[in-house]
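A.B. asks: Mind looking at a prediction? Sequence and model below.
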Amino acid sequence: MARRPISDELWLTLEPLLPPFIPSPKGGRRRSVDDRAALNGILFVLQTGIPWEDLPKELGMGSGMTCWRRLRHWQASGVWAKLHQAMLAKLREHDRIDWSRASIDSASVASPPGGQETGPNPTDRGKLGSKRHLVVDAQGIPLALTVTGANRHDSMAFEATLDALVAVPGLRGRPRKRPDKLHADKGYDFERCRRYLKRRGIQARIARRGVESSERLGRHRWVVERTHAWFAGFGKLRIRFERSLQTHLALLTLAAAVICSRFVEDLC
């Protein structure tokens, strides 16, 4: 998915979710950067991958530290998760989420500074890293994400990632949060994972070690790999420089909302 400018749709969805600004009773300087300018600054850093302190002030988005603090404050208020959910609801209003099949997979990223949910990556000479776990619909729309250390086996985040699926309203009837089928590679070939899906009423399409060729599921699973590539298209997510797990999750969740917003734009 090529980089596209952020539409007004993202801001119009985000604005009502923002917590009101409460001035300090002790006085002090008034807020000099409005929320939309701060959002533009956050998105600029997310897309380009530059250090926060290098955000050019001449762009009119405030300082990088102001944008970083706004990102963290909105994460603590649950804003980014609500924005992602709101974008999913917009897609479901038009029946554009394909629940017939979903896919789960992970991708590792280096994390030189370390921090929460990092660990030695066995596939990268033991360097510190994190894993991004995604569940996507049949088109690659990101439905849920979690983060673990790079040393954690994919299957260890299986239940937590699927539990992160939220009920998405938008059509008549009950909100939906469960796909009909789940595709996964051999890294999830454990009876525990299959029992979990059976309890949830989801049909398991998990490749079996030594039995099924991975190519048999490739025609459905490639969508999750493409979505991981979309996330890697955001410069700030190619390498994890945020030691704080909550800051890293804020950037990931905002990226998921941006990807969803692109699907929303295609409806217009």
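C.D. replies: Ah, there it is.
A.B. asks: Am I right that residue 145 sits in a strand?
C.D. replies: Yes - counting by DSSP: H, G, I helix; E, B strand; the rest coil, residue 145 is part of a strand.
A.B. asks: list the contacts for the closest residue to it other than its chain neighbours?
C.D. replies: Using Cβ to Cβ, 6 or more residues apart in numbering and skipping residues adjacent in sequence, the residue nearest residue 145 is residue 134, 5.3 Å away. Every residue, glycine included, has its C-beta placed from N, CA and C. Residue 134 makes contact with 104-107, 142, 144-145, 161, 224, 227-228, 231, according to Cβ atoms under 8 Å, 6 or more residues apart in numbering.
A.B. asks: Just to be sure, residue 134 is in a strand?
C.D. replies: Yes - counting by three-state DSSP, residue 134 is part of a strand.
A.B. asks: Okay, and which of the contacts of residue 134 map to strands?
C.D. replies: When these are checked against strands (DSSP state E), the matches are 104-107, 142, 144-145.
A.B. asks: And for residue 143, the neighbour number?
C.D. replies: 26 (other Cβ atoms under 10 Å).
A.B. asks: out of everything not next to it in sequence, what's closest to it?
C.D. replies: Nearest to residue 143 is residue 135, by Cβ to Cβ, 6+ apart, at 4.9 Å.
A.B. asks: any weak-confidence spans in the stretch 51-200 of the chain?
C.D. replies: Within the stretch 51-200 of the chain, no range satisfies pLDDT under 70.
A.B. asks: Now do the helices in the stretch 151-268 of the chain.
C.D. replies: In the stretch 151-268 of the chain, helices defined by DSSP state H, counting those that start in this stretch lie at 158-163, 191-200, 215-232, 235-238, 245-265, listed in chain order.
A.B. asks: okay, the ones you listed in TSV with mean neighbour count and distance to residue 117 next?
C.D. replies: As requested, the helices of the stretch 151-268 of the chain are exported to TSV (neighbours: other Cβ atoms under 10 Å; distance: least, Cβ to Cβ, whole Å):
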stretch	mean neighbour count	distance to residue 117
helix 158-163	19	11
helix 191-200	14	21
helix 215-232	16	16
helix 235-238	19	14
helix 245-265	21	5
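A.B. asks: of these, which approaches residue 46 most closely?
C.D. replies: Closest to residue 46 of the helices of the stretch 151-268 of the chain, according to Cβ to Cβ: helix 235-238, at 4.8 Å.
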